[in-house]
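Peer 1: Got a sequence here, can you model it:
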Amino acid sequence: MTKILLVEDDTEVCSFINKGLSEEGYEITIAMDGTLGLQLAEQHDYDLLILDIMLPGINGLEICRAIRKIKQVPILFLTALGSTENIVLGLDSGADDYLAKPFKFIELLARIRTLLRRKSYIQNAAADDVYTFTNVVLDDTTKTVTRAGVEITLTSTEYRLMLMFMKNPRRVLSRVDILEEVWGVHFDMGTNVVDVYVNYLRKKLENDGQSRLIHTVIGMGYVLKDE
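Peer 2: Numbers count the residues shown, from 1 in each chain. A predicted model of the protein is given here:
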């Protein structure tokens, strides 16, 4: 269920939004002041935040700035301060959208759906850069590799080699294939550089008694597979 945090001090607005969104299948958490709203937003994972600007305690702009330092959750400002200057101020604070009061529920619902679709698209795009095989995870955005949750420090060449294996699980890769992809060499150099770097990777992947994942296929090359 999609979880939404509503930080709003107007009880009538809270009741109106809570009823409408609950009927649409959303799970709503309500905070009636900014201090509680910021605390909930920091401690829990929500799919969307709806913030008023004028709030007791901490105002919505401060909440937005604080959350943007630690999370990329979609944020919608919902406020009576609907001037162009206030809209720009809200968006510059890190909000994704701004809806002025009074508003129609159907418009609020449309804004929410748009923000959630955008979030889903961004997450899916990011997921395209993450490769997983057994307990190994390679994130090509952050250029990190972990095994069983422990980060493995790789050189740039070792990383490129690992990325090639992760993109081609269970596929036998010849030494020439590896030379072309990792070193940009389109011929067999007549050296054992591939074998040396495969051994470097194995040692790092098999640290702490982990099982072997990169296997030799005699006369053909190497393959990433379960033992």
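Peer 1: Please count neighbours and contacts with C-alpha atoms only from this point.
Peer 2: OK.
Peer 1: Outside of the lowest-mean-pLDDT helix or strand in the chain itself, list whatever touches it.
Peer 2: The weakest-scoring helix or strand in the chain, judged by mean pLDDT, DSSP states H and E, is helix 84-92 (a mean of 73). The contact list for helix 84-92 (C-alpha atoms under 8 Å, 6 or more residues apart in numbering) reads L61, F77, L81, D97, Y98.
Peer 1: same question, stretch 141-150
Peer 2: Residues contacting stretch 141-150 (C-alpha under 8 Å, 6+ apart): 126, 129-130, 135-139, 151-154, 159, 205.
Peer 1: List the buried residues for it?
Peer 2: V145, T146, R147 (16 or more other C-alpha atoms under 10 Å).
Peer 1: The chain: strands as residue ranges?
Peer 2: 3-7, 27-31, 48-51, 75-79, 97-100, 130-133, 136-139, 144-147, 150-152, 214-217, 221-224 (DSSP state E).
Peer 1: Low-confidence stretches in this protein?
Peer 2: Along the chain, segments meeting pLDDT under 70 span 82-84, 86, 121-128, 186-190.
Peer 1: so R160 sits right up against V182, yeah?
Peer 2: Yes - assessed by C-alpha atoms under 8 Å, R160 is found in contact with V182 at 5.8 Å.
Peer 1: nearest to R113, of the strands of the chain?
Peer 2: strand 48-51 (10.1 Å; C-alpha to C-alpha).
Peer 1: show me what contacts the closest residue in space to D129 that isn't next to it in sequence?
Peer 2: For D129, ignoring the flanking residues on the chain, the nearest one in space by C-alpha to C-alpha, 6 or more residues apart in numbering is D140 at 5.2 Å. Neighbour list for D140: D129, V130, Y131, L163 [criterion: C-alpha under 8 Å, 6+ apart].
Peer 1: Using PyMOL, make a named selection holding only the buried ones among these.
Peer 2: Here is the PyMOL command that selects the buried residues among the contacts of D140 (16+ other C-alpha under 10 Å):
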select buried, resi 130+131+163
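Peer 1: Would you check that L173 makes contact with M220?
Peer 2: Yes - contact criterion C-alpha under 8 Å: L173 and M220 qualify, at 7.5 Å.
Peer 1: neighbour-wise, which of those two wins?
Peer 2: Ranked by neighbour count (other C-alpha atoms under 10 Å), L173 and M220 place L173 first, with 19 against 12.
Peer 1: distance of that one from R212?
Peer 2: Using C-alpha to C-alpha, to the nearest Å, L173 is found at 16 Å from R212.
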